[in-house]
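J.: Give me the fold of what follows.
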Amino acid sequence: MAQRPILCPRCRQLIGSAETVCSWCGTARSAPWWKIINWSRGAMDGDWLFMSIITVNIVYFALSLLAGGGFSGFLSPGQTGLMLLGATGTYPIDHFGRYWTVISANYLHGGLLHLIFNLMALKQIAPWASHEYGPGRAFTIYTLGGVFGYVVSYLAGVPFTIGASAAVCSLIGALLFYGKSRGGAYGSSVYREVSGWVISLFVFGLIFPGINNWGHGGGIVGGVIFGALLGYNERRRENNFDQALALLCGLVTLGVLGWALLGAAASVRS
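T.: Numbers count the residues shown, from 1 in each chain. Down below sits the predicted model:
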């Protein structure tokens, strides 16, 4: 019976499943990192990846309700709990040196409606961005674009802010760049549809008080920048560097969220 070909995780060429060494790049299948790369590619699968992001957002929303400081409304955590778990802005950064909050703030929300709105937007935008950029690059854009949005927000003087919207807006910015750069009928269609999201965000920010428009705008600009730097699938496929960068973003994010949780737990106990 014919052997089914498999993909070498290093050079991405097809080889026979019975081969012990890749005939293209010479990588031995017994090499420990062969399994590591294959595992990381599976872990960076788009559906699994962004469902994990949604899950982390929900878990940290529940933790923020339990972190103390009372409630500011229906299922809305108090500012003390949000501060402990990593809210960002000029107050946490300038007064307490919590620079890492530009990452953690992307996983915190001020109320149930805030959470639902952002996660609904993420569920619509993330698969689209993952399809055009690949899940690894999409996650890197989501992470770095969210940080960029909150850095812009900090420089604009916003004192206290949270929410996944800056990171979600970075995916919107990346799709804006994709549509404009690709061109053609499909690219133009993508650009028009995503532009509608941008206009809706702008109008929404004008109508409702308390919206961090600086974070939204910064996230969109960050998404355009990182989308251009990393490239999309039609320019080049994802490679080991893209996967490694996404993995690094994931590890740093988990480290920051874990650090925030440990600090919050210590403050609650004391």
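J.: Every contact and neighbour count from this point should use C-alpha atoms.
T.: OK.
J.: any idea how far residue 144 is from residue 174?
T.: Relative to residue 174, residue 144 is positioned 12 Å away (C-alpha to C-alpha, to the nearest Å).
J.: any residues in contact with both of those two?
T.: residue 226 (C-alpha atoms under 8 Å, 6 or more residues apart in numbering).
J.: okay, these two: which has more neighbours?
T.: A direct count of neighbours by other C-alpha atoms under 10 Å for residue 144 and residue 174 places residue 174 higher, at 31 against 20.
J.: show me what contacts that one?
T.: Applying C-alpha under 8 Å, 6+ apart to residue 174 gives the contacts 129, 141, 220, 223-228.
J.: Over to residue 87?
T.: Contacts of residue 87 by C-alpha under 8 Å, 6+ apart are 101-102, 104-105, 108, 160-162.
J.: how about the residues you listed, which pair is most distant?
T.: Between any two of the contacts of residue 87, the greatest separation by C-alpha to C-alpha is 12.9 Å, found for 104 and 160.
J.: Mind listing the shared neighbours of the two?
T.: Common contacts of residue 104 and residue 160, defined by C-alpha under 8 Å, 6+ apart, comprise 87-88.
J.: out of the two, which sits in the busier spot?
T.: residue 104 (27 against 19).
J.: measure the more buried one to residue 218 for me?
T.: Distance, residue 104 to residue 218, using C-alpha to C-alpha: 17 Å.
J.: Equivalent analysis for residue 129, please.
T.: In this view, residue 129 and residue 218 are 18 Å apart by C-alpha to C-alpha.
J.: Identify the residues contacting residue 103.
T.: For residue 103, the contacting residues are 143, 146-147, 253, 256, by C-alpha under 8 Å, 6+ apart.
J.: Greatest separation within those residues: which pair is it?
T.: Farthest pair in those (C-alpha to C-alpha) is 146 and 256. Separation: 14.1 Å.
J.: between those two, which one's more packed in?
T.: When residue 146 and residue 256 are compared for neighbours, residue 146 comes out ahead with 33 against 19, by other C-alpha under 10 Å.
J.: Please look at that one and residue 172 and confirm they touch.
T.: No: the pair residue 146 and residue 172 does not pass the contact test of C-alpha atoms under 8 Å, sitting 11.4 Å apart.
J.: tell me, how many neighbours does residue 154 end up with?
T.: With neighbours defined by other C-alpha under 10 Å, the count for residue 154 comes to 22.
J.: ah, wrong one, I meant residue 48
T.: Each residue near residue 48 was counted by other C-alpha under 10 Å, and the total is 12.
J.: How about residue 121?
T.: Look at residue 121: counted by other C-alpha under 10 Å, it has 16 neighbours.
J.: and if you look at residue 260?
T.: The tally of other residues near residue 260 (other C-alpha under 10 Å) stands at 21.
J.: what do you get for the one 4 residues further on?
T.: Residue 264 sits with 23 neighbouring residues when counted by other C-alpha under 10 Å.
J.: which SS state does it fall under?
T.: helix (DSSP: H, G, I helix; E, B strand; the rest coil).
J.: wait, isn't it in contact with residue 85?
T.: Yes: if you go by C-alpha under 8 Å, residue 264 and residue 85 touch, sitting 5.9 Å apart.
J.: who touches both of those two?
T.: residue 67.
J.: hmm, who's touching stretch 107-122?
T.: In contact with stretch 107-122 (C-alpha under 8 Å, 6+ apart) are residues 54, 56-58, 60-61, 64, 73-77, 82, 85-87, 162-165, 168.
J.: Buried residues, it. List them.
T.: 107-112, 114-115, 118-119, 121-122 (16 or more other C-alpha atoms under 10 Å).
J.: same deal with stretch 49-69?
T.: Going by neighbour count (16+ other C-alpha under 10 Å), the buried part of stretch 49-69 is 49-50, 53-54, 56-58, 60-65, 67-69.
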